[in-house]
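could you work out the structure for the sequence below:
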Amino acid sequence: MKIYKIGQDFDNYKFFVFKENDELNKGIWDFRGQSLISGWKGLNLELFRDKSKKKDKRSEDFDASCFFSGHLIVNKRTSLLLSEKLKDQIEVLPVNVVGNTSEYYFINVLNTIKSLNTESKSNEEILMMVRENNCVFNKKNIGPYIIFRDSIFDDGYYCTDEFIDFVKQNSITGLKFTCAGIAE
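Residues are numbered from 1 along each chain as shown. Take a look at the predicted model:
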């Protein structure tokens with residue numbers, strides 16, 4: 001079974017970035033799969049604008065944005081679909097998008113599992129495996145999860161073909177999936 005890293009489709013869609021120097025965004029790099037509901041104050045995002053390009057032909061009409069892996073932002077329709085599909089495996093938390101009246105949400109994936117097979121591997125071998133997208137995952141530990149975080153590399157989101165099929169079946173746009181390795 002293949003395992004994928006969730007990312008942004010930069011070729012076809014614009015994307016959200018964190019508003020610079022904003023108090024609400026200070027802890028964004030500390031999200032590791034813990035529940036965030038009780039202290040959630042939101043995030044402030046803005047649509048990325050490439051100042052070096054006069055005309056950016058990429059679409060602003062997308063359902064999901066994942067500029068930084070592990071920071072999945074979705075519109076209301078997608079948040080409802082994911083909530084129904086993933087029930088107690090995610091938190092759906094509101095965010096603010098500067099200059100946009102639509103509702104968007106941060107998807108906090110709570111499934112943090114020991115998914116990478118790191119047995120008998122040095123730190124250097126593990127880093128090379130991740131860098132080269134040649135990871136070996138523990139299929140048994142992944143079990144029923146179709147989206148998850150790894151307990152070592154918990155800053156990114158991984159998924160299975162079932163999650164990708166769900167995204168395609170529901171015409172969720174804006175994401176790109178890169179094969180990170182296989183689960184045995």
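
got the contact list for the closest residue to residue 100 other than its chain neighbours?
Leaving aside its sequence neighbours, residue 100 sits nearest to residue 47 (C-beta to C-beta, 6 or more residues apart in numbering; 7.2 Å). Where C-beta positions appear, they are placed from N, C-alpha and C, glycine not excepted. Counting by C-beta atoms under 8 Å, 6 or more residues apart in numbering, residue 47 makes contact with 14-17, 60, 97-100.

okay, residue 47: pLDDT?
Listed pLDDT for residue 47 reads 81.

from residue 76, how far out is it?
17 Å (C-beta to C-beta, to the nearest Å).

just the strands in the protein please.
Per DSSP state E, the chain carries strands over the ranges 2-8, 16-18, 44-47, 64-65, 72-75, 90-97, 104-109, 112-113, 135-137, 147-150, 158-159, 175-183.

run a quick neighbour tally on residue 146.
Per other C-beta atoms under 10 Å, the neighbour tally for residue 146 reads 18.

which residues touch it?
By C-beta under 8 Å, 6+ apart, residue 146 lies in contact with 86, 159-160, 162-163, 166.

now intersect these with the helices, please.
Mapping the contacts of residue 146 onto helices (DSSP state H) picks out 86, 162-163, 166.

filter those residues down to the buried ones and hand me the PyMOL line.
One line in PyMOL is enough to select the buried members of the ones in helices among the contacts of residue 146, burial here meaning 16 or more other C-beta atoms under 10 Å:
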select buried, resi 86+163+166
